[in-house]
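Let's see this in three dimensions:
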Amino acid sequence: MIEAAIRPFRPDDAPWLVERHATLYARDEGFDATFGPLVAGILDDFTAEHDPACEAGWIAHAGDLRLGSIFCVRQSRGIAKLRLFLLVPEARGRGLGQRLLETCTGFARERGYRGMALWTHESHRAACALYSRNGWRLVGSQPVRSFGCDLVEQSWEIAFR
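Numbers count the residues shown, from 1 in each chain. As a prediction, this is how the structure comes out:
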């Protein structure tokens with residue numbers, strides 16, 4: 001694989017992101033068919049309504065091959081929300097997730113956010129370890145039934161100094 005780069009999200013990335021999220025989460029987590037439409041809705045809202053002064057998305061790629069994504073959106077006046085963090089399996093373990101996370105948190109800091117929040121599942125162990133190594137802290141955990149699965153939902157936060 002050639003060296004990966006990170007570029008801004010474009011609306012024509014949305015179908016790929018929806019398909020990759022739906023396929024990978026179904027295969028790896030057992031998610032049902034409700035997950036893809038949720039991702040599509042998040043992307044539709046972002047494309048139609050995001051404020052480029054304080055919200056952005058990025059795509060990791062190697063040439064024309066898309067490898068992953070991450071988004072920074074406003075959750076509240078001083079807090080950003082990390083969304084749609086994904087790496088395809090063949091891109092994992094190469095430091096690309098760290099680069100995407102640094103891109104997203106760096107953007108949030110530059111835009112004056114005091115911190116960030118995210119929502120994930122306990123089963124995403126590699127991502128949770130990445131968050132922890134980068135100063136995020138787990139602030140909530142609860143069992144839920146989502147996307148046709150029994151999951152443990154987690155909330156993470158980071159405060160910027």
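
if I look at the closest residue to L43 other than its chain neighbours, how far off is Q75?
Excluding the flanking residues, the one nearest L43 by C-beta to C-beta, 6 or more residues apart in numbering is A14, at 4.4 Å. No exception for glycine: its C-beta is placed from N, CA and C like everyone else's. In this structure, A14 and Q75 are 21 Å apart, going by C-beta to C-beta, to the nearest Å.

between those two, who's got more neighbours?
Between A14 and Q75, counted using other C-beta atoms under 10 Å, A14 has the larger neighbour count: 19 against 16.

Quick check: that one touching G41?
No. With contacts counted by C-beta atoms under 8 Å, A14 stays clear of G41, the gap being 10.8 Å.

low-confidence ranges in this protein?
Regions of the chain meeting the criterion pLDDT under 70 cover residues 1-2.

hey, where'd the helices end up in it?
14-29, 35-49, 96-110, 125-133 (DSSP state H).

Let me know which of these is the nearest to E157.
For the helices of the chain, proximity to E157 was assessed by C-beta to C-beta; helix 125-133 is nearest, at 9.6 Å.

would you put the C-alpha positions of that closest one in PDB?
In PDB, the C-alpha atoms belonging to helix 125-133 read as follows (Å, rounded to 0.1, in the frame of the first residue of the first chain):
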ATOM      1  CA  ARG A 125     -11.100  -2.100  21.900                       C
ATOM      2  CA  ALA A 126      -8.300  -0.700  19.600                       C
ATOM      3  CA  ALA A 127     -10.100   2.600  19.200                       C
ATOM      4  CA  CYS A 128     -10.800   2.900  22.900                       C
ATOM      5  CA  ALA A 129      -7.100   2.200  23.600                       C
ATOM      6  CA  LEU A 130      -6.200   4.900  21.100                       C
ATOM      7  CA  TYR A 131      -8.500   7.400  22.800                       C
ATOM      8  CA  SER A 132      -7.000   6.500  26.200                       C
ATOM      9  CA  ARG A 133      -3.400   6.900  25.000                       C
END
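
Number of residues surrounding S155?
14.

sorry, back to before: CSV please, covering the helices of the chain and showing distance to G148.
Rendered in CSV, the data for the helices of the chain read as follows (distance: least, C-beta to C-beta, whole Å):
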stretch, distance to G148
helix 14-29, 9
helix 35-49, 9
helix 96-110, 26
helix 125-133, 21
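
Nearest to L67, out of those?
For those, the distance to L67 is smallest for helix 96-110, at 6.5 Å, taking C-beta to C-beta.

packing partners for the closest one?
Here helix 96-110 is seen to pack against strand 5-8, strand 56-62, strand 65-74, strand 79-87, strand 115-121, helix 125-133 when contacts are counted using 3 or more C-beta pairs under 8 Å, 6 or more residues apart in numbering; DSSP states H and E.
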